[in-house]
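Q: after the sequence you'll find the predicted model.
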Amino acid sequence: MAPATACQSGTVAAKVLSSTSERSTITVTHELLTIGRISVDIYPNDIGVGLEDVTSFGKYLGGSPSNVAVAAARHGRRTGVITRTGDDPFGTYLHRELEKFGVDDSFVTPVPGLQTAVTFCAIKPATDEFPLYFYGRFPTAPDLQIRAEELALDAIREARIFWSTVTGLCQEPSREAHIKAHGARPRTGLAEGQFTILDLDYRPMFWASEEEVRAEVAKVLPHVTVAIGNDKECAVAVGEGTPDEQADRLLAAGVEIAVVKLGPEGVMAKTRMERVVSAPVPVETVNGLGAGDSFGGAFCHGLLSGWPLAQVLDYANAAGAIVASRLSCADAMPTPDEVTSLLAERGRNVPGTAPGSATASAPQLATEGAAL
């Protein structure tokens, strides 16, 4: 990976079309542009009980790709989201939250006749249970009504990183929009320092079968340079196997970096030239949701910073651990100082310092297979 700086993003004059009217031309720059799910997360203030026993809740911005944009913004990156809300107070709330977090909401428009999606969660850290209950998503949700003809393709092409999730492929018209967006960023057309990331994010309630998922993933994978998922998500995307076999299948499909989350064993990233594993960063888990999105935003920050892959992985791993130790998702996303402080506290390699220095005294990174 070539070094990259925060100033290398292109300037895009993008005309955004909504389903009802043409919006004015705006000039934006994006180091990270995500597409897909957004919702209002309703999390209980009562920890360790079922939803039937909760007496009070807090509301937060949610939805995986939107959380990733927030996470990267907390690391100082210029981010934006392409998504849809209902034309209702919850939609207004999400616009306010995006603005609060410094995320460009120019490509967020309402869908007439639909309500903003809401997600409830029970939080039971003692038993590692965080069940999600989706409301306003069946038979469809506003963010699944993104239409191909509405896309600001110039903004998608010019973004340093374009991030999408498999969930966005689960139904039309979102499916067609995602495929068109990826088609606007062919691998051969990417400049040095540009990445197209697919979060393998598999949620079975949105799909008829795993075979359907695999068929849709196959349509966009030829445009993807980085794929991220846990072992189940990788299995759904490219078939069962060991983490290395799954990573190798992603690489064979043309992906340049395959990231496979290993659960309690940490996370592995593999390219055609190296294999790195970042050991877990132990924390006391409060809410396991949102950790993956924090990982994603921090991973993007590391790529944009041009760090070695091992440092990118360790930094993202620590960022995910921090959110797992907190209640909410978007509001819990850490700053760079919080991530580097945790790395230093645990004796891990801090990006920008030499291994073996006072702040990186014992890096716990396993680098294997210099030539695979």
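A: Looks like it came in fine. From a predicted model like this one, the values you see are computed outputs, not experimental measurements.
Q: where exactly do the helices run in the stretch 251-372 of the chain?
A: Listed in chain order, the helices found in the stretch 251-372 of the chain under DSSP state H, counting those that start in this stretch are 291-305, 309-324, 336-345.
Q: could I get these as JSON lines with mean neighbour count?
A: Where C-beta positions appear, they are placed from N, C-alpha and C, glycine not excepted. What follows is these, written out as JSON lines (neighbours: other C-beta atoms under 10 Å):
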{"stretch": "helix 291-305", "mean neighbour count": "27"}
{"stretch": "helix 309-324", "mean neighbour count": "26"}
{"stretch": "helix 336-345", "mean neighbour count": "18"}
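Q: any chance of TSV for those, columns mean pLDDT?
A: Written out in TSV, the entries for the helices of the stretch 251-372 of the chain read as follows (pLDDT from 0 to 100):
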stretch	mean pLDDT
helix 291-305	96
helix 309-324	95
helix 336-345	95
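Q: ok, Leu200 - contacts?
A: Leu200 makes contact with 165-166, 217, 227-230, 233-234, 236-237 under the criterion C-beta atoms under 8 Å, 6 or more residues apart in numbering.
Q: just give me the closest of the residues you listed to Asp46.
A: The shortest distance between Asp46 and any of the contacts of Leu200, using C-beta to C-beta, involves Asn230 and amounts to 28.4 Å.
Q: tell me the contacts of that closest one?
A: Taking C-beta under 8 Å, 6+ apart as the criterion, Asn230 is in contact with 200, 260-261, 263.
Q: just the buried ones from these?
A: By neighbour count, with 16 or more other C-beta atoms under 10 Å, those hold 200, 260-261 as buried.
Q: C-terminal to the one helix or strand Ala218 maps to, what's the next element?
A: Ala218 belongs to helix 210-220 when elements are defined using DSSP states H and E. Stepping forward along the backbone from helix 210-220, the first helix or strand reached (DSSP H and E) is strand 226-230.
Q: state the mean pLDDT of stretch 175-184.
A: Within the predicted structure, the mean pLDDT of stretch 175-184 is 98.
Q: hmm, I was thinking of stretch 152-165
A: Along stretch 152-165, the predicted confidence averages to a pLDDT of 97.
Q: next one: stretch 94-102
A: Averaged over stretch 94-102, pLDDT sits at 97.
Q: contact partners of that stretch?
A: The contact list for stretch 94-102, computed with C-beta under 8 Å, 6+ apart, reads 38, 40, 60-61, 66, 69-70, 73-74, 79, 81, 85, 104-105, 108, 116, 330, 333.
Q: only the C-alpha atoms, please, for it, written as PDB.
A: Output of stretch 94-102 as PDB, limited to C-alpha atoms (Å, rounded to 0.1, in the frame of the first residue of the first chain):
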ATOM      1  CA  LEU A  94     -30.700  11.200  11.900                       C
ATOM      2  CA  HIS A  95     -29.800  14.200   9.800                       C
ATOM      3  CA  ARG A  96     -28.900  16.100  13.100                       C
ATOM      4  CA  GLU A  97     -26.800  13.300  14.300                       C
ATOM      5  CA  LEU A  98     -24.800  13.000  11.100                       C
ATOM      6  CA  GLU A  99     -24.200  16.700  11.200                       C
ATOM      7  CA  LYS A 100     -23.100  16.400  14.900                       C
ATOM      8  CA  PHE A 101     -20.600  13.800  14.000                       C
ATOM      9  CA  GLY A 102     -19.300  15.700  11.000                       C
END
